[in-house]
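J.: Generate a structure from the sequence data that follows.
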Amino acid sequence: MKRVEEKAPFKVQTVLTDNGKSFTDRFTRAGERKPSGNHPVDQECQALGIEHRLIKPGRPQTNGMVERFNGRISDVLATRRYTSGEDLEQTLKRYTWLYNHHIPQKALHHQSPIAKMKEWQTKRSELFTKRVVNHTGPEK
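T.: Just a heads-up that it's a prediction; the model follows:
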């Protein structure tokens, strides 16, 4: 969360996560309970002034966008063998750059994420903490 907050060009106001143990202690075998405030994600969100929301139980389709993105990453990684961790890291960086700068997304009215963020920044500059810029390419 700290890295996202540092890197994102906008103020993160809300985070939506699933109900897994890695994100919350609000659910137990006995059912739902009030958050303890002791879970690291809840603590980090509170420290950064971010609202932490959970998806509705029994509605895994809410995770659909994340699952589709993870599927795309899996497809990219399955296309070749990697000679090192650095080789794998560079492939992921290249794909992330391509995705953010050049692949239009239906949910963003067929614009790339960077193009849409630049549009939002023009319309709602108060939401942004940094200028959104196009990068020339992935880091080498």
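
J.: Strands of this protein, start to end?
T.: 14-17, 27-28, 31-32, 51-54 (DSSP state E).

J.: Relative to Ile103, which of those strands is closest?
T.: strand 14-17 (22.3 Å; Cβ to Cβ). For the C-beta atoms, the positions are set from N, CA and C on the backbone; glycine is no exception.

J.: can you list contacts of the closest one?
T.: 1, 23-24, 41, 45, 50-55, 62 (Cβ atoms under 8 Å, 6 or more residues apart in numbering).

J.: By mean pLDDT, flag the weakest helix or strand of this protein.
T.: strand 31-32 (a mean of 66; mean pLDDT, DSSP states H and E).

J.: where's Asn38 relative to Glu51, distance?
T.: 18 Å (Cβ to Cβ, to the nearest Å).

J.: neighbour-wise, which of the two wins?
T.: Glu51 (11 against 8; other Cβ atoms under 10 Å).

J.: ok, now which ones touch the more buried one?
T.: Applying Cβ under 8 Å, 6+ apart, the residues contacting Glu51 are 13-15, 45.

J.: Kindly state the beta-bridge partners for it.
T.: Thr14 (DSSP bridges).

J.: quick one: it and Gln43, what's the gap?
T.: Taking Cβ to Cβ, one finds Glu51 at 14 Å from Gln43.

J.: what is in contact with those two at once?
T.: Counting by Cβ under 8 Å, 6+ apart, nothing touches both Glu51 and Gln43.

J.: and the gap between Ser74 and Leu98?
T.: On the measure of Cβ to Cβ, Ser74 and Leu98 end up 16 Å apart.

J.: Likewise for Glu67?
T.: Relative to Leu98, and taking Cβ to Cβ, Glu67 is found at 20 Å.
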